[in-house]
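Visitor: next come a sequence and a model predicted from it.
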Amino acid sequence: MRAASTGNSAAEQDLVEDDFDVSLVMLPYNDIVQYSRGEKDNDGNIQRKCQQAISEAFGLSSSCLGILCITDMPESYCNLRSQLLPLARILADEMKSGPVEENKLVVPEASY
């Protein structure tokens with residue numbers, strides 16, 4: 001991956017000349033579910049696989065992006081995401097006007 005430059009500064013130009021060796025870390029949804037339940041996969045390596053993916057995504061290496069992509073999400077989550085994303089803008093607009101009361105942000109019946 002190469003960084004794009006606007007060419008504004010020498011430091012920025014130096015940054016652009018370096019190649020970045022980063023990769024997107026992906027983990028299937030079902031692996032996370034199995035891991036959280038303490039289940040084993042066919043190879044018996046689900047714990048190692050999940051921990052390795054987390055380490056690759058969030059580790060201390062300069063190649064870690066701090067992003068873990070969850071793949072193969074159930075359709076119900078996709079529907080929830082499409083409902084949630086528009087609410088993020090409403091929340092951001094609400095926060096621009098000042099502090100938001102905690103009770104406006106908390107949904108007790110949600111499981112988070």
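Guide: Looks like it came in fine. Residues are numbered from 1 along each chain as shown.
Visitor: let's test this: mean pLDDT of stretch 69-89, rounded?
Guide: Summarised as a single mean, pLDDT over stretch 69-89 is 87.
Visitor: how about stretch 37-46?
Guide: The model assigns stretch 37-46 a mean pLDDT of 81.
Visitor: per-residue confidence at Gln13?
Guide: pLDDT, Gln13: 45.
Visitor: what do you get for Ile54?
Guide: Per-residue pLDDT puts Ile54 at 92.
Visitor: same thing with Tyr29?
Guide: Predicted confidence (pLDDT) for Tyr29: 93.
Visitor: is it true that it touches Ser76?
Guide: No: with contact defined as C-beta atoms under 8 Å, Tyr29 does not reach Ser76; the gap is 11.1 Å. Every residue, glycine included, has its C-beta placed from N, CA and C.
Visitor: name the helices or strands packed onto the helix ranked longest in the chain?
Guide: For the chain, the helix that runs over the most residues, judged by DSSP state H, is helix 75-96. Judged by 3 or more C-beta pairs under 8 Å, 6 or more residues apart in numbering; DSSP states H and E, helix 75-96 is in contact with no other helix or strand.
Visitor: past it, which element shows up next along the chain?
Guide: helix 102-105 (DSSP states H and E).
Visitor: contacts for that next one?
Guide: The contact list for helix 102-105 (C-beta atoms under 8 Å, 6 or more residues apart in numbering) reads 91, 94.
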